[in-house]
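> return a 3D structure for these sequence lines:
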Amino acid sequence: MKKIVAAMMMTSALMANDSGIYVGVDVGSADNTDKMSVERATFKNDNRYNEVKVKVGFEADEATKVQLTFSKIEYDEKVFPPNSTGTTLYEGGIDLIKEFEITSSLYPFIKIGIGYGKMDSKHAVMDNVKEISSNIGAGILYKLIGGVSAEVGCDYVYRRWDNVSDGSLTYEMRGSAIKPYVGLNYEF
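Residues are numbered from 1 along each chain as shown. A predicted model of the protein is given here:
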């Protein structure tokens, strides 16, 4: 019974419209440029990806937010060298966002963040490849009605992957992209 009462109290606290906690989803797409180094040779590869990002955030203070993210990123083509099967990256991350109020509904923002993820990519030697990313971006948030807001933004994303080996050669991979996106948030 105590657990039910505690859960009800927490739920009512979250439902108060000024808790500063929000959930949301972003959808974006980017033309990614990968640089792959093998021994002394460097190759460039362009690869498009689509991203769906789920986020949970809170207000650290009146104009600063912290959000935790989970992304599913689908590349159009396999990312790694021959004999690879990987096209889907799953990534978790954290962003720090600074908002600037223009009106009570319009908030431009800047943000910076990091991420860490994994792609299943069957190789002769490895089953998956890990990566770390950083991003910097800007956008604008528009409060629609109640706790619902829409946002439009653009991020510069840099990704560094694990070195990948196919048994005889080792591949070093880095990628970057400019990713526009749109999103919806609901604040409790």
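> what sits against the spatially most central residue of the chain?
Nearest to the mean C-alpha position of the chain, by Cα atoms, centre = their mean, lies S71 at 5.2 Å. Applying Cβ atoms under 8 Å, 6 or more residues apart in numbering to S71 gives the contacts E51, V52, K53, V54, L89, Y90, E91, G92, G93, G115, G117. Where you see a C-beta, it was placed from the backbone N, CA and C, and this is true even at glycine.
> ok, the helix or strand harbouring Q67: who's next to it in the sheet?
Assigned by DSSP states H and E, Q67 belongs to strand 64-75. Sheet pairing here is set by DSSP bridges, and for strand 64-75 it gives strand 41-61 (antiparallel), strand 88-99 (antiparallel).
> show me the one of those strands that comes nearest V182.
Judged by Cβ to Cβ, the one of the strands paired with strand 64-75 that comes nearest to V182 is strand 41-61, at 11.0 Å.
> buried stuff in that closest one?
For strand 41-61, the neighbour count (16 or more other Cβ atoms under 10 Å) marks N47, Y49, E51, K53, K55, G57, E59 as buried.
> in JSON lines, list those along with distance to V25.
Converted to JSON lines, these look like this (distance: Cβ to Cβ, whole Å):
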{"residue": "N47", "distance to V25": "23"}
{"residue": "Y49", "distance to V25": "17"}
{"residue": "E51", "distance to V25": "11"}
{"residue": "K53", "distance to V25": "7"}
{"residue": "K55", "distance to V25": "7"}
{"residue": "G57", "distance to V25": "12"}
{"residue": "E59", "distance to V25": "19"}
